[in-house]
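A.B. asks: what's the 3D shape of this:
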Amino acid sequence: MELIIDNVSKQYKDKMAVNHISIKLQAGVYGLLGENGAGKTTLMRMLCGILKPSSGTITFDGVDVSEEEYRSILGYLPQDFGYYPEFTASDFLLYFAALKGIPKVQAKRRVNELLSLVSLEDVGKKRIKNFSGGMKQRLGIAQALLNNPKLIILDEPTAGLDPKERVKFRNLINKLGKDSIVLLSTHIVSDIEHIANQVLIMKEGKLIFQGEFDNENGNLEEFYLTQFSEEDNYE
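C.D. replies: Below you'll find the predicted structure:
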């Protein structure tokens, strides 16, 4: 499997939010880092077909992002995902499963699997309005995985999770990355330090670093901060 981002840009009037980015991603976990306004969310929204690129193309195994077939392999958790407060967790996931075209019997089985996976099996019949922020975030992660996606886009997925929940999440993402492409955006460097096969760093719409990183190369957070202090990287 291969996600090809070829010379992709997004311009809003005088602002170039994403500036001619080209990347090829294969199965694995990719950590996307960058300050607020770096273009991370804009890039992810284009990868999900929510925004149309001003230029360039996005394809998954030759299928363009604009095609329905592309959406069938996609799982997406936006930074602020919407939910219906009066729905129970189970009903919420069943509703999204129906939107994704998952048959009812299969959907019920998958919902039970995912509630267990994100440790919400005991509150599946409780209304979302009574959930903590961390519980809502775990529910969002579950909905992104409903259709067993081959491409998983997660925008700030650990927001609201406590330290224990973050450890469980990292273990889950590590497993998913063996058979899927996982692109994970976060401002918490430690969330990707031990699980990302590659690190991508954006600044002012540009991709300023792409590569492998492990502890033998030093501390990722220090390396990340160094990238933002070296102006030569942006010329």
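
A.B. asks: report the secondary structure state of residue 199.
C.D. replies: strand (DSSP: H, G, I helix; E, B strand; the rest coil).

A.B. asks: can you pull up the bridge partners for it?
C.D. replies: Counting by DSSP bridges, residue 199 forms beta bridges with residue 31, residue 211.

A.B. asks: wait, it touches residue 186, no?
C.D. replies: No. If you go by CB atoms under 8 Å, residue 199 and residue 186 don't touch, sitting 11.1 Å apart. Bear in mind the C-beta positions are built from the backbone N, C-alpha and C, glycine included.

A.B. asks: list the neighbouring strands of the helix or strand hosting residue 183 plus their orientation.
C.D. replies: With secondary structure defined by DSSP states H and E, residue 183 is part of strand 181-185. Strand 181-185 pairs in its sheet with strand 28-33 (parallel), strand 151-155 (parallel), by DSSP bridges.

A.B. asks: okay, domains of this structure per the record?
C.D. replies: Domain assignment for the chain by automatic domain parsing gives 3-73+149-234, 82-148.

A.B. asks: can you lay out these as CSV showing mean pLDDT and mean neighbour count?
C.D. replies: Formatted as CSV, these follow (pLDDT from 0 to 100; neighbours: other CB atoms under 10 Å):
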stretch, mean pLDDT, mean neighbour count
domain 3-73+149-234, 86, 17
domain 82-148, 92, 17
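
A.B. asks: residue boundaries of the strands in the chain?
C.D. replies: 3-12, 15-25, 28-33, 55-60, 63-64, 74-77, 151-155, 181-185, 198-203, 206-211 (DSSP state E).

A.B. asks: please tabulate the strands paired with strand 181-185 in TSV, including the columns distance to residue 163.
C.D. replies: Below are the strands paired with strand 181-185 laid out as TSV (distance: least, CB to CB, whole Å):
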stretch	distance to residue 163
strand 28-33	18
strand 151-155	18
